[in-house]
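Q: A structural model of the following input is requested.
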Amino acid sequence: DMGSAPNNCSKTYRTPRRPFERDRLTAELKLAGQYGLRNKREIWRVGYTLSRIRRAARQLLTLEEKDPRRLFQGNALIRRLKRVGVLEQDKGKLDYVLGLKMENFLERRLQSLVMKHGLAKSIHHARVLIRQRHIRVGKRIVNVPSFMVRLDSEKHIDFALTSPYGGGKPGRVKRKRIAAGGGGDDDDGDE
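A: Numbering: from 1, shown residues only. As a prediction, this is how the structure comes out:
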């Protein structure tokens, strides 16, 4: 017996109230295409995070401006959002938190940033590189496309040292080609 800690987790996403609204479906499809998402759940997960953050901000806004709880929790919330780069540095008020959109969060995914920094040819290529452990943030290999990148670690996104792209040994296909006697000048087709 591995100890009796309950391992039930709360859901990280919420499904839409009405399953087939055309406007929402098209909006979701657009987001999924733009940010190279795998399924709608990835969108709903961000939406859920956003709605929880906005709810917290709304509740704090009902308090007096000098209320210690509003000051303390409000600043903590704002600091957290600024740290992951969701909130711009000059927007330090709770009102700005209510104005946040899903795009603000999706822009900060590792997948979006790998593409933005030119490590990948497309948003889908970015996802593949991350999953195949070619990307590191700082010293760590991160293989989660939805990893939220903090502002201070953004400049440390690079190819992993073990990756063929980052000076590691050549990939499986290229090694095979070299062994067969042909120079391997093709991209690595590892999966």
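Q: Leu94 touches Leu60, doesn't it?
A: Yes: contact status for Leu94 versus Leu60: in contact at 5.8 Å, counting by CB atoms under 8 Å. C-beta coordinates here come from the backbone N, C-alpha and C atoms, glycine included.
Q: Between the two, which contacts overlap?
A: 70, 74, 77 (CB atoms under 8 Å, 6 or more residues apart in numbering).
Q: remind me which residues of this protein are low pLDDT?
A: Within the chain, the segments meeting pLDDT under 70 span 1-3, 182-191.
Q: which residues of it fall in helices?
A: Under the criterion DSSP state H, helices of the chain are mapped to 22-34, 40-61, 68-83, 94-98, 102-106, 110-116, 123-131, 172-180.
Q: Please identify the most buried of those helices.
A: Among the helices of the chain, the stretch with the highest mean neighbour count (mean count of other CB atoms under 10 Å) is helix 110-116, at a mean of 22.
Q: Dump that helix to CSV, restricted to CA.
A: Coordinates of each C-alpha in helix 110-116 appear next as CSV, following Å, rounded to 0.1, in the frame of the first residue of the first chain:
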residue,chain,number,x,y,z
LEU,A,110,6.0,27.3,-25.0
GLN,A,111,4.6,26.2,-28.3
SER,A,112,3.8,29.8,-29.4
LEU,A,113,7.1,31.1,-28.2
VAL,A,114,9.2,28.4,-29.9
MET,A,115,7.6,29.5,-33.1
LYS,A,116,7.9,33.2,-32.3
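Q: Begin at 379 from now on, thanks
A: In the new count, where the first residue is 379, that last one comes out as helix 488-494.
Q: Dead centre of the protein: give me the residue that sits there.
A: For the chain, Arg487 is the residue whose C-alpha lies nearest the centre (CA atoms, centre = their mean; 2.3 Å).
Q: okay, the shared contacts of Leu472 and Leu438 in CSV with distance to Gly411 next?
A: Shown next, in CSV, are the shared contacts of Leu472 and Leu438 (distance: CB to CB, whole Å):
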residue, distance to Gly411
Arg448, 39
Gly452, 35
Leu455, 31
